[in-house]
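Participant: Build me a structure from this.
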Amino acid sequence: MLKYLIQVLQNTLPVGILFVLFLLWLATGDRPLEIKRFYKGLAAGFVAAFVLAVFKYKTPYVNREYFIIGTLSLTILLELVLVVILSARLRGLLQKAERWFLPCAACLLPFTLIFYGLPDILLYPTEFRAAGESVWSTDFLFRVTGWISGLVILSFSLRTLFTCGKRLSSKVLCKTLLAGLVFEFLIQGTALLQPLLARRIIPMRRWLFVLVKSGTNRRDLFLLGLMILSLSLPFLLWIKNRRPEENGDNPAQRRKMMAAVRKMKRTTLFLLSCYGLTALTLTAGKWYDGRAVALSPAESVAVLDGEIHIPLTQIADGRLHRFQYQCKSGVEVRFIIIKKNETAWGVGLDACDICGPTGYYERKDGVVCKLCDVVMNKSTIGFKGGCNPVPLIFTIRGGIMVIRTESLEKEQKRFS
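Facilitator: As a prediction, this is how the structure comes out:
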């Protein structure tokens, strides 16, 4: 239950908040054309995401990494254009450029955001039922409940945020949207750099690896920052109307204003409750959901003349075996070995180009990344790509697997 609740909120709430802020800003000015384009782009994005979800479910031809690179590159480009428009708007500049670029951004930005994030949300129900499991089982019902709960919390949060924000000025919304785009850059930039580095489209550099690792580990903090930013809208409106008794020509008008303030307070508290539940889910809930996953202890290795020798009898059971080698610098490098079939072995670092050295564990017949919960078929271990372990070169000599220590020395930066 918690797994799908976390994933739905984590993947949809940042995009949803950005949608609401963008729509609120469009609605404050005389922009009926842009608003229509926004809804058209949103509808087209839903249709395209549904088609892509079906295509991903039915065929193996969708490359996840290239899909992320393509959609996020266009999204970030459009958001940069929007940042320029908003910044110029605050300074009263580029009004002609705004008339040219804003209609395009109003249509394409919601399309790309929905097209990027929605297919996985639509595909989660295909994972609910394990092989041989009944749809009436407790585990199946818990998964459905978690998925639906995430969508319900999302809907209430965004609806309440829109209700609060539509009574604020264009300038306030412009500044809030501009700040929201910064948080979205932090989230999307990390997601884009991961496949770019994994596919070596950009060369691997230590500072880039550290940047991606740091951004991935702090993704929830960026989302919490975006939530806090959006909470400023109802609080600003609350402050703006905190003294309605100073206005109004008669007691009836003052009572009406007081009722409006009480309503706004309730709305603010409701939004705060939704966000509080989300924050609790992304912190305590995430910890609780992942607490049982612990990496198995590393097995001992024998090092001789710059080589690690591991008897095949030690690793021939088809299970995942974890080993650890201490480099000359003192850094401990982990690697895993698993027997794939009678003649093939999967050997790789206990780390990948995308998620770093978080490690892998076994779940039924698959190998699972501890950080992102991606399940890999053991037959793919030892090959590059995706969240697969970084491959290691090895040789077999007389019933012994041999791995050169220099190969591990070169990879110590991943674990430092």
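Participant: can we go C-alpha only for contacts and neighbour counts from here?
Facilitator: Fine.
Participant: Could you report the pLDDT at residue 265?
Facilitator: Residue 265 carries a pLDDT value of 74.
Participant: do the same with residue 50
Facilitator: Residue 50 is given a pLDDT of 92.
Participant: Equivalent analysis for the one 3 residues further on, please.
Facilitator: pLDDT, the model's per-residue confidence, is 88 for residue 53.
Participant: contacting residues around it?
Facilitator: 119, 120, 122, 123 (Cα atoms under 8 Å, 6 or more residues apart in numbering).
Participant: let's see it at 10 Å
Facilitator: With contact taken as Cα atoms under 10 Å, 6 or more residues apart in numbering, residue 53 is in contact with 47, 59, 62, 115, 118, 119, 120, 121, 122, 123.
Participant: Using a markdown table, please lay out those together with secondary structure.
Facilitator: As requested, these are exported to a markdown table (DSSP: H, G, I helix; E, B strand; the rest coil):
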| residue | secondary structure |
| --- | --- |
| 47 | helix |
| 59 | coil |
| 62 | coil |
| 115 | helix |
| 118 | helix |
| 119 | helix |
| 120 | helix |
| 121 | helix |
| 122 | helix |
| 123 | helix |
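Participant: Surely residue 238 touches residue 262?
Facilitator: Yes. Residue 238 is in contact with residue 262 according to Cα atoms under 10 Å; the separation is 9.2 Å.
Participant: And residue 56, how close does it get to residue 370?
Facilitator: Residue 56 is 23 Å from residue 370, where distance means Cα to Cα, to the nearest Å.
Participant: Just want to know which of these two has more residues nearby.
Facilitator: residue 370 (20 against 17; other Cα atoms under 10 Å).
Participant: Quick check: the gap between the more buried one and residue 112.
Facilitator: 29 Å.
Participant: ditto for residue 105
Facilitator: 10 Å.
Participant: cool, and residue 74?
Facilitator: 7 Å.
Participant: And residue 106, by the same measure?
Facilitator: Counting by Cα to Cα, the gap from residue 106 to residue 112 is 11 Å.
Participant: Residues in contact with both of these two, list them for me.
Facilitator: Common neighbours of residue 106 and residue 112 (Cα under 10 Å, 6+ apart) are 41, 42, 78.
Participant: List the buried residues in the helix or strand harbouring residue 408.
Facilitator: Assigned by DSSP states H and E, residue 408 falls within helix 405-409. Going by neighbour count (16 or more other Cα atoms under 10 Å), the buried part of helix 405-409 is 405, 408, 409.
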